[in-house]
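Student: Sequence first, predicted coordinates after that:
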Amino acid sequence: MLTSKPSRTKPRRDSADLARAREAIISCDRCPRLRTYCQRIATEKKAAHRADTYWGRPVPGFGDPQARVLVIGLAPAAHGANRTGRVFTGDGPLGSGDFLMRAMHAHGFASIPTAQAADDGLVLTDAFIAAAVRCAPPDNKPTPAEIAACHDHLVAEVAALPRVSMLIGLGRIGFDAAWRLLAGRGIIVRPRPAFAHDAAYEAGGYTVIASYHPSRQNTNTGRLTPRMMDAVFARARRQLSARSCRLRKC
């Protein structure tokens with residue numbers, strides 16, 4: 001089982017393995033449909049961002065190299081991370097990024113409660129955010145083949161995050177990606193645990209927590225409320241604290 005010591009607070013540099021994983025993601029061209037779509041969006045742009053230079057490439061994960069918590073989303077937004085180059089960033093006030101950061105900030109995982117731009121000063125502590133798919137998909141619907149093709153990138157990033165012991169899957173695709181990661185490490189649970197908001201499971205020394213995805217479709221309809229999102233990261237903080245206490249025998 002991986003260790004769960006509290007992460008240090010001093011600044012850290014990405015490990016060489018994490019840097020290599022990042023470069024492999026940025027240069028990936030495995031999915032022609034997605035690459036064509038992202039490049040088209042980056043050229044056509046959205047009226048509100050007409051003056052922006054879009055990232056337009058696959059989006060790597062972001063966060064603390066010593067993270068114990070891995071948050072797995074679906075994919076970049078066409079005018080969010082596909083524009084800014086940072087996952088869950090720039091999809092507008094109260095968009096998915098702001099909705100997520102508000103909860104993470106409340107429980108000490110994020111330095112500010114918003115995610116507006118890659119240079120906004122946001123720093124994650126003890127958390128790393130990635131996505132199951134690294135290119136913005138048309139209609140936010142990647143194909144099963146595209147999800148499978150992208151999984152190696154998530155595997156490589158997590159291999160470079162030596163202290164991860166908790167996986168938070170945002171939406172069913174993020175939740176399924178968490179279990180595929182564990183299966184790749186020989187941790188196979190049958191039957192597959194059910195997806196339900198704020199459900200938590202223990203397997204092979206890891207904790208897997210399910211959450212509805214903070215998409216506008218969910219947040220604007222009330223299917224996912226700020227209180228519900230907060231509950232997920234409150235649970236994560238409690239369980240990390242309890243694990244650290246057990247290790248210290250406090």
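Tutor: Happy to help now that I have it. Since this is a predicted model, take the numbers as computed values, not measurements.
Student: show me the contacts for Gly174.
Tutor: Ile72, Gly73, Leu74, Ala131, Ala132, Ile168, Ser211, His213 (Cβ atoms under 8 Å, 6 or more residues apart in numbering). In short, each C-beta sits where N, CA and C put it, glycine included.
Student: ok, the first one to Asn220 distance?
Tutor: As for Ile72, its distance to Asn220 is 22 Å (criterion: Cβ to Cβ, to the nearest Å).
Student: Looking at the two, which is more packed in?
Tutor: Using other Cβ atoms under 10 Å, the more surrounded residue of Ile72 and Asn220 is Ile72, with 26 against 10.
Student: Which of the helices or strands spans the more buried one?
Tutor: If you go by DSSP states H and E, Ile72 is part of strand 69-73.
Student: who does the following helix or strand past that strand touch, helix- and strand-wise?
Tutor: Scanning forward in sequence from strand 69-73 by DSSP H and E, the next helix or strand is helix 81-84. Secondary-structure packing of helix 81-84 (3 or more Cβ pairs under 8 Å, 6 or more residues apart in numbering; DSSP states H and E): helix 32-44.
Student: Identify each buried residue in the helix it packs on, please.
Tutor: For helix 32-44, the neighbour count (16 or more other Cβ atoms under 10 Å) marks Leu34, Arg35, Tyr37, Cys38, Ile41, Ala42 as buried.
Student: where's it relative to the chain centroid, distance-wise?
Tutor: How far helix 32-44 lies from its chain's middle: 22 Å, per Cα atoms, centre = their mean, to the nearest Å.
Student: again with stretch 147-159
Tutor: 12 Å.
Student: what do you get for stretch 78-92?
Tutor: Between the centre of stretch 78-92 and the centre of its chain there are 13 Å (Cα atoms, centre = their mean).
Student: Now tell me what touches that stretch from outside.
Tutor: Contact partners of stretch 78-92, identified using Cβ under 8 Å, 6+ apart, comprise 37-38, 41-42, 45-46, 48-49, 52, 54-57, 59-62, 73, 76-77, 95-98, 100-101, 115-118, 120, 122, 129-131, 135-136.
Student: List the buried residues for that stretch?
Tutor: Buried, per 16+ other Cβ under 10 Å, within stretch 78-92: 78-91.
Student: same deal with stretch 67-77?
Tutor: Ala67, Arg68, Val69, Leu70, Val71, Ile72, Gly73, Leu74, Ala75, Pro76, Ala77.
Student: Could you dump those residues into JSON lines with distance to Leu181 added?
Tutor: Listed next are those as JSON lines, based on distance: Cβ to Cβ, whole Å:
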{"residue": "Ala67", "distance to Leu181": "14"}
{"residue": "Arg68", "distance to Leu181": "15"}
{"residue": "Val69", "distance to Leu181": "13"}
{"residue": "Leu70", "distance to Leu181": "8"}
{"residue": "Val71", "distance to Leu181": "13"}
{"residue": "Ile72", "distance to Leu181": "8"}
{"residue": "Gly73", "distance to Leu181": "14"}
{"residue": "Leu74", "distance to Leu181": "15"}
{"residue": "Ala75", "distance to Leu181": "17"}
{"residue": "Pro76", "distance to Leu181": "19"}
{"residue": "Ala77", "distance to Leu181": "23"}
